[in-house]
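here is my input; please provide its structure:
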Amino acid sequence: MVLSYELARDLLDIKAVQVNPSDYFTWTSGIKSPIYCDNRLTMSHPQIRRKITKAFMEMIDRMPVKPDVIAGCATAGIPHAAWLADKMDLPMVYVRSKPKGHGKGNQIEGACTNGAKVLVIEDLISTGGSSLETARVLQEQGAEVLGVHAIFSYGLNKSAQLFEKENICLETITGYDELLDVMEADNRLTKSEHEQLINWRNDL
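Numbering: from 1, shown residues only. As a prediction, the model looks like this:
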């Protein structure tokens with residue numbers, strides 16, 4: 001089985017991703033959504049988190065330029081960045097959402113030298129704003145950001161446009177389309193519900 005579909009099924013099974021076409025969730029932004037994603041739950045499932053690390057390593061193998069440093073987005077990207085960096089024997093840093101309010105006021109924690117080739121690890125891509133902010137902070141410190149790799153993406157047009165505008169490559173292990181395909185194949189969705197959910201995403 002293709003890993004993207006296998007992982008989509010894993011996320012459903014542990015309820016890291018929940019889909020309800022008849023009773024929408026409310027995101028922090030206020031958007032009413034038929035899907036809710038909490039990939040933090042993968043931390044509690046060693047077999048799945050190892051699968052995620054393996055998928056990230058396969059994605060890196062395909063990169064024409066390899067990273068010197070793995071960077072985690074705070075907060076949910078941090079553990080996956082740590083497991084990946086450990087497996088690849090690479091330095092790791094993480095980037096705070098804002099500079100620390102005491103001490104040296106760091107926003108980047110860990111050593112990231114000027115000119116370092118950095119890969120950003122994120123758990124979830126919605127609009128992509130937090131990942132791109134992480135990339136910007138790293139670039140301002142002299143790093144060369146090779147791209148952003150994430151576990152799951154909603155596949156919103158807005159995120160694709162933002163990454164293209166910033167000229168930063170985005171790749172995810174799995175996403176919304178694979179998830180709906182798996183749900184329909186497993187009889188968790190009807191064809192009409194599948195179509196409804198695709199239309200919701202495309203209309204955002």
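
next up, the contacts around the residue positioned nearest the centre of the chain.
Central residue of the chain (C-alpha atoms, centre = their mean): A150, 2.6 Å from the mean position. Contact partners of A150, counting by C-beta atoms under 8 Å, 6 or more residues apart in numbering, are G77, I121, E122, D123, L124, I125, S131, L170, E171, T172, I173. Placement of C-beta: from N, CA and C, glycine included.

which residue ranges form the helices in the chain?
Taking DSSP state H as the criterion, the chain carries its helices at 3-13, 46-61, 77-88, 129-140, 157-165, 176-185, 191-203.

nearest to D23, out of these?
Judged by C-beta to C-beta, the one of the helices of the chain that comes nearest to D23 is helix 191-203, at 12.4 Å.

packing partners for that closest one?
helix 176-185 (3 or more C-beta pairs under 8 Å, 6 or more residues apart in numbering; DSSP states H and E).

and the helix it packs on, what's buried?
Y176, D177, E178, L179, L180, V182, M183 (16 or more other C-beta atoms under 10 Å).

narrow the contacts of A150 to those in strands?
Counting by DSSP state E, these place I121, E122, D123, L124, I125, L170, E171, T172, I173 in strands.

tabulate the residues you listed in TSV, adding columns for neighbour count, distance to F56 and pLDDT.
Output for these, formatted as TSV (neighbours: other C-beta atoms under 10 Å; distance: C-beta to C-beta, whole Å; pLDDT from 0 to 100):
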residue	neighbour count	distance to F56	pLDDT
I121	30	7	98
E122	27	11	98
D123	25	11	96
L124	22	14	96
I125	27	14	95
L170	21	13	97
E171	15	9	97
T172	21	10	97
I173	23	7	98
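
okay if I get these as a markdown table plus distance to V65?
Converted to a markdown table, these look like this (distance: C-beta to C-beta, whole Å):
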| residue | distance to V65 |
| --- | --- |
| I121 | 16 |
| E122 | 19 |
| D123 | 24 |
| L124 | 25 |
| I125 | 21 |
| L170 | 16 |
| E171 | 14 |
| T172 | 19 |
| I173 | 20 |
